[in-house]
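Asker: here's my sequence, what's the structure:
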Amino acid sequence: MPRETCNTCLRPPNVCYCSSLVNLANSLKVVIIQHPQEVKHPFNTGRMAHLCLNNSEMMTAETLAGDQLNSLLNIPSALLYPSLEWLPDSIEFNSGLSSESNQPPNIQQLIVIDATWKKSKKILHLNPPLQKLPRVNFNGGLESRYSIRKTSIADGLSTIESIAKAMVLLEKNSDFFRLLKPFERMISLQQQSYTTESLL
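Answerer: Residues are numbered from 1 along each chain as shown. Modelled structure (predicted):
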């Protein structure tokens, strides 16, 4: 018999975080390209961000069809992604601080890849136009609160943590840190679940 899950967050009822979802109005559209393997990952945060942002879109694919990619990039866009030597120069922000001399271009859409580090690089390789977009990334000491899921890179942030930080900087509105409310709730519920299981 299939395990019961919430229709919204796709989590079992005892670790459903839906009561902590927030409703945020964002001017800059956020498009999340989610790797297929992330769809049913229990600790995925891309879907969580999509559920909280009014102006957002979720696409599930590893390779986007040509017309789909062209349609996506039909408006001024930037890619939220760390610096890599083989990628073009990017727009960079220092860990939570922006300067007047380092402002992004007039973009209307932020594209985010929701995948493991390895799979996100594969998505970039399979969709070359994404590599040419101006990029938003962060320098400095970054510390993730994602204690229930580990990353293979130093200073790695979860998808929702990255989106929250980027939106605060790009829209100059600290209210977007509220995106972390369901994220923190998910972590707390999962840690409680681990504690309960260890006592059984």
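
Asker: so what's the residue count around the residue nearest to residue 88 when sequence neighbours are not counted?
Answerer: In this structure, residue 88 finds its nearest non-sequential neighbour in residue 132, 6.5 Å apart by Cβ to Cβ, 6 or more residues apart in numbering. In this view, the C-beta of every residue, glycine as well, is placed from N, C-alpha and C. Residue 132: 11 surrounding residues under other Cβ atoms under 10 Å.

Asker: okay, residue 132: pLDDT?
Answerer: Listed pLDDT for residue 132 reads 88.

Asker: doesn't residue 78 make contact with it?
Answerer: No. Applying Cβ atoms under 8 Å as the test, residue 132 and residue 78 come out as separate, 11.2 Å apart.

Asker: now do the contacts for the closest residue to residue 56 other than its chain neighbours.
Answerer: Excluding the flanking residues, the one nearest residue 56 by Cβ to Cβ, 6+ apart is residue 30, at 4.4 Å. Residue 30 is in contact with 49, 50, 53, 55, 56, 57, 109, 110, 112, 163, 167, counting by Cβ atoms under 8 Å, 6 or more residues apart in numbering.

Asker: if I look at the first one, how far off is residue 127?
Answerer: Shown here: residue 49 relative to residue 127, a distance of 20 Å by Cβ to Cβ, to the nearest Å.

Asker: so for these two, which sits in the more crowded spot?
Answerer: Neighbours were counted for residue 49 and for residue 127 using other Cβ under 10 Å; residue 49 has more, 27 against 20.

Asker: host element of that one?
Answerer: helix 46-52 (DSSP states H and E).

Asker: picking up where we left off before, ok, of the contacts of residue 30, which come out buried?
Answerer: Neighbour counting by 16 or more other Cβ atoms under 10 Å classes 49, 50, 53, 56, 109, 110, 112, 163, 167 among these as buried.

Asker: re the thing from before, A helix includes the residue nearest to residue 56, no?
Answerer: No. Assigned with DSSP: H, G, I helix; E, B strand; the rest coil, residue 30 falls outside any helix and is strand.

Asker: report pLDDT for it.
Answerer: pLDDT, read off for residue 30, is 98.

Asker: any idea what it is bridged to?
Answerer: With DSSP bridges applied, residue 30 shows beta-bridge pairing to residue 56, residue 110.

Asker: beta partners of residue 34?
Answerer: Assigned bridge partners for residue 34, using DSSP bridges, are residue 60, residue 114.

Asker: I'd say it and residue 46 touch.
Answerer: Yes. If you go by Cβ under 8 Å, residue 34 and residue 46 touch, sitting 5.0 Å apart.

Asker: anything in contact with each of these two?
Answerer: With Cβ under 8 Å, 6+ apart as the test, residue 34 and residue 46 both reach 58, 114.

Asker: can you pull the contacts of residue 17?
Answerer: With Cβ under 8 Å, 6+ apart, residue 17 has these contacts: 9, 11, 48, 182, 185, 186, 189.

Asker: and what of residue 123?
Answerer: 33, 35, 62, 63, 113, 115, 130.

Asker: right, I'll leave it there.
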